[in-house]
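[1] build the 3D model from these lines:
(one chain, ligands or ions: 1)
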Amino acid sequence: MTNPLTLAAPTTSRGVGPDRTGLLAVDATGLHKSFGAGSRRVRAVNGVDLQIRPGEVVAFLGPNGAGKTTTIDMLLGLSKPDAGSLTIFGRSPRAAIAHGLVSAVMQAGGLLKDLTVRETVAVTASLFAQSQPVDEVLERAGILDLAGRRVEKCSGGQQQRLRFAMALLSDPGLLILDEPTTGMDVEGRRDFWQAIRADTARGRTVIFATHYLEEADAYADRIVLVRRGEIVADGTAAEIKNLASGRTVTATAGNADAATLAAIPGVDSVESRAGKVRVRTKDSDAVARYLLTATDAVDLEITSHNLEDAFVALTGDQDETDETPEAPEAPETTGK
Ligand SMILES: Nc1ncnc2c1ncn2[C@@H]1O[C@H](COP(=O)(O)OP(=O)(O)OP(=O)(O)O)[C@@H](O)[C@H]1O
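    Below you'll find the model as predicted:
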């Protein structure tokens, strides 16, 4: 776990207004990161390319073990990629943190239970050469009314808003949240996101990792769906939903041609096995028309997906593949 206290005290404070540098908030190319050795080696991040523009609010969405935290650790300079290049506002992650350009809100840690909310933020502020006024960040995190409460008396959601207040002290251009609402009740999650949403309206770039499709849908401009260390979809919530709104057409059709099916506009994937075909498509009518008019298809079925089906379809079979055998070595690191 990480907390804002461990992320080095910046020497300057940066506003979140319009970016005039033309630099990407995040520019990652070909990121790889593995753990372990030999047959137990796990490829946690496997060729991630990610460009995030200033002001974007991006959800990093994926199941357990997809590689979200590993990627975030690299963005925060807490670990180094094995290969690939990575810059934050044109600098290495560590330099970006040293300049107060990045802050993080992690799931736990970093709080002393005997301090009050205001004391906690004030102590953190004293580590910075320049920082935002304590009461201002408390206000922005929606916890000014809790300023005198001891940390141990705060709920999990209130503690997360306290971490958020601490992360705002350097007025970072990029805020990174790693599964910030895990374990919170509905009200805590709502209050937390209300505070984040008010803040992002000011133009800050935000990346948050989450398991929750509905959080990504509600709060992100853009959803990056990860599975087994790779990006499997990247788009607006509407675009991801569009993937979700596809259908599956199945039929018994011994003479259906997989290449012809794959070439039908809207078709995402074709599986053909033992005389049965299974086609994922955005245009089930076109697939059904081909199967019924040009092949010997029988037992044709069309089923719709909901959002959750699409998430499972795009990120599924994680368990079998968590420990992917190592492939040949990736190219040398170029970014740090
Ligand atoms: N320090 C480590 N040593 C060995 N394996 C690791 C280490 N850190 C992560 N992994 C493995 O790398 C893969 C990606 O893990 P990571 O924590 O990045 O996923 P995640 O998407 O953040 O998952 P979760 O949602 O459960 O936090 C997993 O298979 C995990 O077991």
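
[2] I figured residue 151 hits residue 118, correct?
    No. Applying CB atoms under 8 Å, one finds residue 151 not in contact with residue 118, separated by 10.5 Å. Where you see a C-beta, it was placed from the backbone N, CA and C, and this is true even at glycine.

[3] residues contacting residue 230?
    With contacts taken as CB atoms under 8 Å, 6 or more residues apart in numbering, residue 230 has the following neighbours: 46, 47, 48, 67.

[4] can you tell me how far residue 79 is from residue 204?
    As defined by CB to CB, to the nearest Å, residue 79 lies at a distance of 24 Å from residue 204.

[5] what about the two, which has more around it?
    For residue 79 versus residue 204, neighbours defined as other CB atoms under 10 Å are more numerous around residue 204 (23 against 18).

[6] so that one makes contact with residue 173?
    Yes. Taking contact to mean CB under 8 Å, the distance of 6.8 Å between residue 204 and residue 173 places them in contact.

[7] how about stretch 65-81 as CSV, C-alpha atoms only?
    What follows is the C-alpha trace of stretch 65-81 in CSV, where atoms were taken according to Å, rounded to 0.1, in the frame of the first residue of the first chain:
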residue,chain,number,x,y,z
GLY,A,65,-5.3,-9.9,-11.1
ALA,A,66,-5.8,-8.0,-14.4
GLY,A,67,-2.7,-5.8,-13.8
LYS,A,68,-4.4,-2.6,-12.6
THR,A,69,-2.3,-2.1,-9.4
THR,A,70,0.9,-3.1,-11.2
THR,A,71,0.3,-0.5,-13.8
ILE,A,72,-0.6,2.1,-11.2
ASP,A,73,2.6,1.3,-9.2
MET,A,74,4.6,2.0,-12.4
LEU,A,75,2.7,5.3,-13.0
LEU,A,76,3.6,6.3,-9.4
GLY,A,77,7.3,5.4,-9.8
LEU,A,78,6.9,2.7,-7.1
SER,A,79,8.2,0.0,-9.5
LYS,A,80,10.0,0.1,-12.8
PRO,A,81,8.7,-1.4,-16.0
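
[8] and that stretch with the ligand, contact?
    Yes. Contact check for stretch 65-81 against the ligand, using CB under 6 Å from any ligand atom: residues in range are 65, 66, 67, 68, 69, 70.

[9] how about stretch 42-60?
    Yes. If you take CB under 6 Å from any ligand atom as the test, stretch 42-60 does meet the ligand, through 42, 44.

[10] mind listing what's buried along that stretch?
    Residues of stretch 42-60 classed as buried under the neighbour-count rule (16 or more other CB atoms under 10 Å) are 42-46, 48, 50, 52-60.

[11] check stretch 182-196 too.
    184, 188, 189, 191, 192, 193, 195, 196.

[12] hang on, the fourth one in a helix?
    Yes. Per DSSP: H, G, I helix; E, B strand; the rest coil, residue 191 lies within a helix segment.

[13] which of the buried residues of stretch 42-60 sit farthest apart?
    Taking CB to CB as the measure, the buried residues of stretch 42-60 reach their widest spread between 42 and 55, a distance of 34.2 Å.

[14] show me where pLDDT drops low in the stretch 201-336 of the chain?
    Of all residues in the stretch 201-336 of the chain, those with pLDDT under 70 make up the ranges 242-245, 305-310, 313, 316-336.

[15] out of the buried residues of stretch 42-60, which sit inside helices?
    The members of the buried residues of stretch 42-60 all map outside helices under DSSP state H.

[16] closest one of the residues you listed to residue 101?
    Residue 101 lies nearest to residue 54 out of the buried residues of stretch 42-60, by CB to CB, at 10.6 Å.

[17] wait, what's in contact with the residue in the chain sticking out farthest from the centre?
    Computed with CA atoms, centre = their mean, the maximum C-alpha offset from the centroid of the chain is found at residue 296, amounting to 44.5 Å. Residues near residue 296 by CB under 8 Å, 6+ apart: 253, 254, 255.

[18] can you flag the buried ones in those residues?
    For the contacts of residue 296, a neighbour count by 16+ other CB under 10 Å gives the buried set as residue 253.

[19] need the contacts of residue 296 in TSV with distance to the ligand and secondary structure, can you?
    Supplementary listing: the contacts of residue 296 in TSV, determined by distance: CB to the nearest ligand atom, whole Å; DSSP: H, G, I helix; E, B strand; the rest coil:
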residue	distance to the ligand	secondary structure
253	38	coil
254	40	coil
255	42	coil
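
[20] from the contacts of residue 296, which is closest to residue 127?
    Proximity of the contacts of residue 296 to residue 127 (CB to CB) peaks at residue 253, which lies at 67.0 Å.
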